[in-house]
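Visitor: With the input below, show me the fold.
(chains A and B)
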Amino acid sequence: MRERHGEKVKKIFIEEQYCIGCRLCEIYCQVRHSKSRKILKAFRKELQSIVSRVTVEEIGYNSFAIQCRHCADAPCVDACISGAMIKNENTGVVICDQDRCVGCWSCIMVCPYGVIKRDISGRKVASKCDLCFGEEVPVCVKNCPNEALKFTDTDPDTASAKLG
Amino acid sequence: MPLKLDLSEFEVLRDTQKCIECEVCVRQCSNDVHEFDTDDSRVYSDSIKCVGCHRCESLCPTGAIKIKKKDPEFKENYNWSITHLKNIYKQSDAGGVILTGMGSDRPNTVYWDKILLNASQVTNPSIDPLREPMEIKTFIGRKPDMLEIEKGDTGYRIKSQMTPQLELSTPVLFSAMSYGSISLNACRSLAAAAAEYGIFYNTGEGGLHRDLRKYADCTIVQVASGRFGVSRDYLENAAAIEIKIGQGAKPGIGGHLPGEKVTGDISSTRMIPEGTDAISPAPHHDIYSIEDLAQLIYALKEATDYSKPVGVKVSAVHNIAPIASGIVRAGADFVAIDGFRGGTGAAPQVIRDNVGIPIELALASVDTRLREEGIRHKASIIVAGSIRSSSDAVKAIALGADAVYIATAALVAMGCHLCQKCYTGKCNWGIATQDPYLTKRLNPEIGTRRLLNLLRAWSLEIKEILGGAGINAVESLRGNREQLRGFGLSERELSILGIKHAGEAW
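Guide: All right, here's what the predicted structure looks like:
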C-alpha cells in the first residue's frame, strides 16, 4: 500500500532476527513520554502513569518490538468517534490528540497490530506511538543496543538481504 | 547448602538508588545471576554464578550495576596463590581437567612490552603518512628465488614463474575460528569485514557454511586433523588453504565439540551426523613426519591445481625453528606460528598455561633460522598468539613476520570481555555460543562495522609508526630488527630476539 500522494515516509522497522528481547526500547519509550524525561525520576515517581507505546512480543527465543505501523489506510482513524485519531496528510504519521480522545477504545478494537494502549492513569485516553515527535530519530530506535530497530523508508524485509 | 569450597570470583554491586527494576539485566544474563522478585519488586543477584562478562553492566540503562572482582582474602601466601587454591578446590570437587577459554592470563613476560621502536631524528627524515605515500600492502606466499623482469610490447613484465599470492591491504588477517566455536553471526562479521577491507579470514576447522561461500575470495580454509567439512567444494571456495597442525593455546592437544552442540547447520557444515561428537584428534593420523606433511601439502596443491597458497599452522614449541624449516622445505607457501599466549574456545587450563613458548622468541628464532638456511623467501611467516595492538603487529613484522593473525582482538572488537567461559556455550555477547537466544545478540552489521573500524585504526597507526621511523613501505620494515631495542631483558633473551638493548647504538 502506498502512502497518500505516493510519498514515502520514514517508519520504524524491526529486524526481528536481531531483537534480543532486552526491552530497552520500552524503557526509553516510557522515559520519553514521561513528564520529567529523566530515567530515574520517571521510574521512581511517574511509572504508574506512563505507558510504553512499543511492546516487545516474545515466544521462546523469538522476539520483536512492535509499535504503531502508521498504516496507509489506518483503520483507527476511520473508527475514531471523536476525531482524535488523525493521520497527517503530509507526513503520514497517525497521531492521537489526547485532548479530543474520549477513551471509547474503538481504535484499540480495530487496530490489526494491537499496538494502541489504554492509558488509564488519568482521564481514559488511547496511547500510541507518535514517532517521538520532535526527535530526529525515535528513542526506541536510538537506544536499541543491537540496532534491530531501524528508522527508514525501506522495509528491511523487502530490501534484499545485505549479509549472508 | 552443601559444602562448597570454591568461592565466587565476582561481586555484583547494585546501587538500589539507581536500579529501576527494569529487568534488562535479568533478561541478558545467561548465567541466571539476576532474578526479579515479584513480591519485593526488587532484583536480587547471585554473585556466585557471575562469570564477569559485564553484559548486564554494559546494558543497564541507569548504570546501577557494577561487577567487581572479588578475591577471597585468604592468609597471604606467595607460593600457594589464590589461583592454585581455587583450582584445587574445583578439582577436589569435580575430579576433572579444568577447562578454560581464551589465551593464558598468567603474568608471564610479554616481550612486546619489553621491545621499543625507533624513530628518525636529524640523520634521516621521518615521513608524514597523511601527506606522503605509504605502502602497507602485503603479499603472502612463496616468492621466487630470483625476480627476472623483461621488456614486453606494452611495458615491463615479470619473467620469473610466480606462485600464487594472497594480497592483503594491511598486514593483518583474522585468525582461525570455526563455526561451532563461534556463532555464525561472528563468522559473518569476520568474513564481511575481511572482504570489505581486503584481507582474509580463516574458517578454522569447522567447515565452510553455505552462507559464507560468497566470501570465497577472502577465505582461508583449514584442513585440520578432524578433516571436518573438507570437500572439493570447500577447497574451491577459498583463496588459500591452511593445514592446522597445532594451536598455541593447546599444543599437542586435539579438539572436542560435544555432540549436543552438533546440531542442524553445524552438523551439515562439518559434514558429520547430528548429535555426534566432533573430535579433532591430537595428531593428523596421516602425518608422522615432514615427508608425510609434504604429501598432504602437495595433495592439496594438486587438488586445487596449484592455484592457491597452501600453508601450515603450528604452535610455537621448543624446537619451532627446525620444525618451521621442515615445513618450508615440505613446500608450504606460508607458515603460521601460534604462540604460547594464543586463544582458544576450550582448552585444559594446565596445557594453556604451561605448554609452548612465547611467540616473540619463536618468531625471532624461526626468521633467523630460515635466513641462515637461505629459505626465508620460500614461505611467508604469519604470527599469531595475542597480537593486542598495532604496535605488537609492527614489532612482529620488524622481528621477521610477514603479517599477523588476530583473533582475540577481533572478538574484543565485537564485544568479547575475555571472561574465558567460551567453553560453556553461554556467551552473553553472542560470540562463543550456538544458543539462538544468544547468537542474535551479535548483529553482523555492527560486528562488521566495528571490525572495519579496528582494521582502519590499526592501519593508520602502523603507517604513523612507519612514518616516524622514516620508512615508507612495510616491506622495508620486515625483519628490520635494527628498528627494535629491548629493555629489561637478559643477554640471552636479546640474542634470541636478535635485537640490541636500549642505549646500544651502531
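Visitor: gap between stretch B:221-231 and the chain center?
Guide: Put simply, stretch B:221-231 sits 19 Å off its chain's centre (Cα atoms, centre = their mean, to the nearest Å).
Visitor: Can you get me the start-to-end distance on it?
Guide: Terminal residues of stretch B:221-231 are spaced 11 Å apart (Cα to Cα, to the nearest Å).
Visitor: Ramachandran coordinates for the closest residue to B:Tyr179 other than its chain neighbours?
Guide: Once flanking residues are discounted, B:Tyr179 sits nearest to B:Gly206: 4.5 Å by Cβ to Cβ, 6 or more residues apart in numbering or on different chains. The C-beta positions use only the backbone N, C-alpha and C, and glycine is treated the same way. For B:Gly206, the backbone dihedrals (degrees, to the nearest 10) come out as phi -90, psi 10.
Visitor: Same check on A:Leu24?
Guide: Dihedral angles for A:Leu24 - degrees, to the nearest 10 - are phi -70, psi -30.
Visitor: repeat for B:Glu73
Guide: phi -90, psi 80.
Visitor: Pull the number of nearby residues for it.
Guide: 7 (other Cβ atoms under 10 Å in any protein chain shown).
Visitor: OK, now which residue of the stretch 101-250 of chain B is nearest to chain A?
Guide: B:Asp211 (3.6 Å; Cβ to the nearest Cβ).
Visitor: Once you drop chain neighbours, what's closest to B:Asn480?
Guide: Closest residue to B:Asn480 in three dimensions, ignoring its sequence neighbours and counting by Cβ to Cβ, 6+ apart: B:Ala398, at 5.4 Å.
Visitor: So that neighbour belongs to a helix, correct?
Guide: Yes. Counting by DSSP: H, G, I helix; E, B strand; the rest coil, B:Ala398 is found in a helix.
Visitor: Compute the distance between it and B:Ile471, please.
Guide: 10 Å (Cβ to Cβ, to the nearest Å).
Visitor: intersection of neighbour lists for the two?
Guide: B:477, B:480, B:483 (Cβ atoms under 8 Å, 6 or more residues apart in numbering or on different chains).
Visitor: For these, pick the one with the most neighbours.
Guide: Neighbour max across these (other Cβ under 10 Å) = B:Gln483, 24 neighbours.
Visitor: Might you report the residue contacts of that one?
Guide: Taking Cβ under 8 Å, 6+ apart as the contact definition, B:Gln483 lies against B:117-118, B:398, B:469, B:471, B:477.
Visitor: Swap in 10 Å and give it another go.
Guide: B:115-119, B:394-395, B:397-399, B:465-466, B:469-471, B:476-477, B:499 (Cβ atoms under 10 Å, 6 or more residues apart in numbering or on different chains).
Visitor: Could you do B:Glu360 as well?
Guide: Contacts of B:Glu360 by Cβ under 10 Å, 6+ apart are B:109-115, B:316, B:339-341, B:383, B:385-386, B:392, B:395-396, B:399, B:486, B:493, B:496-497, B:499.
Visitor: which residue does the stretch 251-400 of chain B bring closest to chain A?
Guide: B:Asp265 (11.9 Å).
Visitor: Confirm that residue sits in a helix?
Guide: Yes. Applying three-state DSSP, one finds B:Asp265 inside a helix.
Visitor: wait, doesn't it sit right on B:Met271?
Guide: No. Using Cβ atoms under 10 Å as the test, B:Asp265 is too far from B:Met271 to be in contact (11.7 Å).
Visitor: what sits in contact with each of the two?
Guide: Common neighbours of B:Asp265 and B:Met271 (Cβ under 10 Å, 6+ apart) are B:Gly207.
Visitor: who has more neighbours, the two?
Guide: Neighbour count, other Cβ under 10 Å: between B:Asp265 and B:Met271, B:Asp265 has more, with 16 against 13.
Visitor: ok so, going back, selection in ChimeraX covering whichever of the contacts of B:Glu360 are buried, please.
Guide: The command below creates a ChimeraX selection of those among those that count as buried (16 or more other Cβ atoms under 10 Å in any protein chain shown):
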select /B:111,112,114,115,316,339,340,341,383,385,386,392,395,396,399,486,493,496,497,499
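Visitor: Which of the contacts of B:Glu360 fall within helices?
Guide: Secondary structure from DSSP state H places B:392, B:395-396, B:399, B:493, B:496-497 of those in helices.
Visitor: Restricting to those residues, which residues neighbour chain A?
Guide: By Cβ under 10 Å from any Cβ of the partner chain, no member of these lies near chain A.
Visitor: Could you export those as TSV, including distance to A:Ser106 and pLDDT?
Guide: Converted to TSV, these look like this (distance: Cβ to Cβ, whole Å; pLDDT from 0 to 100):
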residue	distance to A:Ser106	pLDDT
B:Asp392	66	98
B:Lys395	71	98
B:Ala396	70	98
B:Leu399	75	97
B:Glu493	81	97
B:Ile496	83	97
B:Leu497	80	98
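Visitor: end-to-end on stretch B:407-416?
Guide: Using Cα to Cα, the two ends of stretch B:407-416 sit 11 Å apart.
Visitor: average pLDDT across it?
Guide: Averaged over stretch B:407-416, pLDDT sits at 97.
Visitor: can you check stretch B:299-311 too?
Guide: Rounded mean pLDDT across stretch B:299-311 is 97.
Visitor: Only the buried residues of that stretch, if you could.
Guide: So, applying 16+ other Cβ under 10 Å, buried residues of stretch B:299-311: B:300-301, B:304, B:308-311.
Visitor: Among those residues, which ones are in helices?
Guide: Per DSSP H, the buried residues of stretch B:299-311 map to helices at B:300-301.
Visitor: of the buried residues of stretch B:299-311, list those near chain A.
Guide: Okay, of the buried residues of stretch B:299-311, nothing touches chain A (Cβ under 10 Å from any Cβ).
Visitor: can you confirm A:Ser63 is in a helix?
Guide: No. With three-state DSSP as the criterion, A:Ser63 is strand rather than part of a helix.
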